[in-house]
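>>> sequence? don't have it. structure:
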């Protein structure tokens, strides 16, 4: 299966592992890369020191290309009044678990736009691929990473964002549909038309001069083949790999993906302050979205609430990120899953050819 993605990166398969922060590990990424696809890690939620450790750990496990992801959200200024309203709105839920919320919130995740230490790590470590979520970095950072030999990917949730990425010098665009699990990559959460994966992929494939990678709701070879038929150079899968033994997902998260709750996912900003799709839970149902604090301040109190609930055996406040096709999850080692995806994709392509 040769495409612009496989040719550019020297891959065997047009499959990209989504760099889902919290579940991606060097072991998972290495297994995916060693199987001929593009493995990924996210260093968006860790500092530069830990980010370097993860990159070096991944380098020790594979000589194949891999992707390192960072978040490029516009930093949200502190807003004590808004944060106090959000904290107070959650106080009764904390009380149900015999806990009290934090009185102040911190910016727990620094944007790559201001994280010069993490930028230096990427330049020094030189991963084959660097990807951006929530927006684009400054032109000088894009130029420096390209000069260091990195191929650059960026999420786009609208045709306009795709055109912005291309104009900025990004090498490939990830067309993230609203079906995707985890955080929406939308540049401005206040202006999100919520394009679905297939129409967004088709529009970007027709309009852009750079390769497009489809993402969102793709769990098997039939989905990958559909993306390729629409003009994508590859498909990005995240939820499909969460159940692999190499991921960092905890037993409760794995059980949720394997059970009936996986049939209902929801996009909500309440857990972190930005819209994200996960398995529907008590937090999403009970919290008032209109009061939520900005990202990542809301994540600070969200993590505290999850810790309080989990201590009482309640996982209804955990961020179990998952896409709309989560019930198609399979519990397989990553290498076996990648091979199964490849076989399914080839079979789906043959079936389509027989229909023509």
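Perfect, I can see it now. Because the structure is a prediction, the values reported are computed rather than measured. Numbering: from 1, shown residues only.
>>> Helices along the stretch 201-350 of the chain, start to end?
221-229, 239-242, 251-258, 282-286, 297-311, 334-355 (DSSP state H, counting those that start in this stretch).
>>> so which of those helices is the most packed in?
Mean neighbours per residue, mean count of other Cβ atoms under 10 Å, is largest over the helices of the stretch 201-350 of the chain for helix 239-242, with a mean of 30. C-beta: built from backbone N, CA, C; applies to glycine.
>>> Give me the contact list for that helix.
With contact meaning Cβ atoms under 8 Å, 6 or more residues apart in numbering, helix 239-242 is reached by 17-18, 20, 23, 28, 32, 181, 218-220, 247, 249, 253-254, 257, 321-323, 325-326, 328-330, 334, 337, 341.
>>> Check stretch 75-92 too.
100-105, 107, 110-111, 113-114, 273, 287-288, 291-298, 301, 305.
>>> Contact partners for the closest residue to residue 264 other than its chain neighbours?
In space, and not counting its chain neighbours, residue 264 is closest to residue 280: 4.6 Å by Cβ to Cβ, 6 or more residues apart in numbering. By Cβ under 8 Å, 6+ apart, the contact set of residue 280 is 261, 264-266.
>>> Format those residues as JSON lines; extra columns: neighbour count and distance to residue 44.
JSON lines is the format used below for the contacts of residue 280 (neighbours: other Cβ atoms under 10 Å; distance: Cβ to Cβ, whole Å):
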{"residue": "261", "neighbour count": "18", "distance to residue 44": "26"}
{"residue": "264", "neighbour count": "13", "distance to residue 44": "27"}
{"residue": "265", "neighbour count": "26", "distance to residue 44": "21"}
{"residue": "266", "neighbour count": "16", "distance to residue 44": "22"}
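>>> wait, residue 117 sits on residue 47?
Yes - counting by Cβ atoms under 8 Å, residue 117 does reach residue 47; the two are 7.4 Å apart.
>>> The stretch 1-150 of the chain: strands as residue ranges?
15-17, 39-42, 66-71, 129-133 (DSSP state E, counting those that start in this stretch).
>>> Need the ones you listed in CSV (columns: distance to residue 90, mean neighbour count and mean pLDDT).
What follows is the strands of the stretch 1-150 of the chain, written out as CSV (distance: least, Cβ to Cβ, whole Å; neighbours: other Cβ atoms under 10 Å; pLDDT from 0 to 100):
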stretch, distance to residue 90, mean neighbour count, mean pLDDT
strand 15-17, 34, 29, 98
strand 39-42, 26, 28, 98
strand 66-71, 24, 26, 98
strand 129-133, 26, 26, 98
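>>> Export those as a markdown table, with columns for distance to residue 189.
Listed next are those as a markdown table, based on distance: least, Cβ to Cβ, whole Å:
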| stretch | distance to residue 189 |
| --- | --- |
| strand 15-17 | 24 |
| strand 39-42 | 19 |
| strand 66-71 | 13 |
| strand 129-133 | 13 |
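>>> Quick check: which of those is nearest to residue 205?
strand 15-17 (15.6 Å; Cβ to Cβ).
>>> Contacts for the closest one, please.
5, 24, 28-29, 32, 37-40, 67, 174, 213, 215, 224, 234-238, 241, 338, 341-342.
>>> picking up where we left off before, put the buried members of the contacts of stretch 75-92 into a PyMOL selection.
Buried residues within those, by 16 or more other Cβ atoms under 10 Å, are selected in PyMOL with:
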select buried, resi 101+105+107+110+111+113+273+287+292+293+294+295+296+297+298+301+305
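>>> Run a quick check on residue 100 versus residue 94, I expect a contact.
Yes - using Cβ under 8 Å, residue 100 is in contact with residue 94, at 5.7 Å.
>>> Give me the phi and psi angles of residue 126.
Main-chain torsions, residue 126, degrees, to the nearest 10: phi 50, psi 60.
>>> give the contact list for it.
Per Cβ under 8 Å, 6+ apart, neighbours of residue 126: 148-150.
>>> and if we set it to 10 Å?
55, 59, 68, 145, 148-150 (Cβ atoms under 10 Å, 6 or more residues apart in numbering).
>>> Would you mind giving the contacts of residue 280 as a markdown table with distance to residue 141 added?
Formatted as a markdown table, the contacts of residue 280 follow (distance: Cβ to Cβ, whole Å):
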| residue | distance to residue 141 |
| --- | --- |
| 261 | 40 |
| 264 | 39 |
| 265 | 33 |
| 266 | 34 |
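>>> gap between residue 235 and residue 155?
14 Å (Cβ to Cβ, to the nearest Å).
>>> Give me the common contacts of those two.
Both residue 235 and residue 155 are contacted by 18, 174-175, 213, 215, under the criterion Cβ under 10 Å, 6+ apart.
>>> one step back: rebuild the helices of the stretch 201-350 of the chain as JSON lines, extending it with distance to residue 129.
Output for those, formatted as JSON lines (distance: least, Cβ to Cβ, whole Å):
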{"stretch": "helix 221-229", "distance to residue 129": "19"}
{"stretch": "helix 239-242", "distance to residue 129": "17"}
{"stretch": "helix 251-258", "distance to residue 129": "26"}
{"stretch": "helix 282-286", "distance to residue 129": "32"}
{"stretch": "helix 297-311", "distance to residue 129": "26"}
{"stretch": "helix 334-355", "distance to residue 129": "17"}
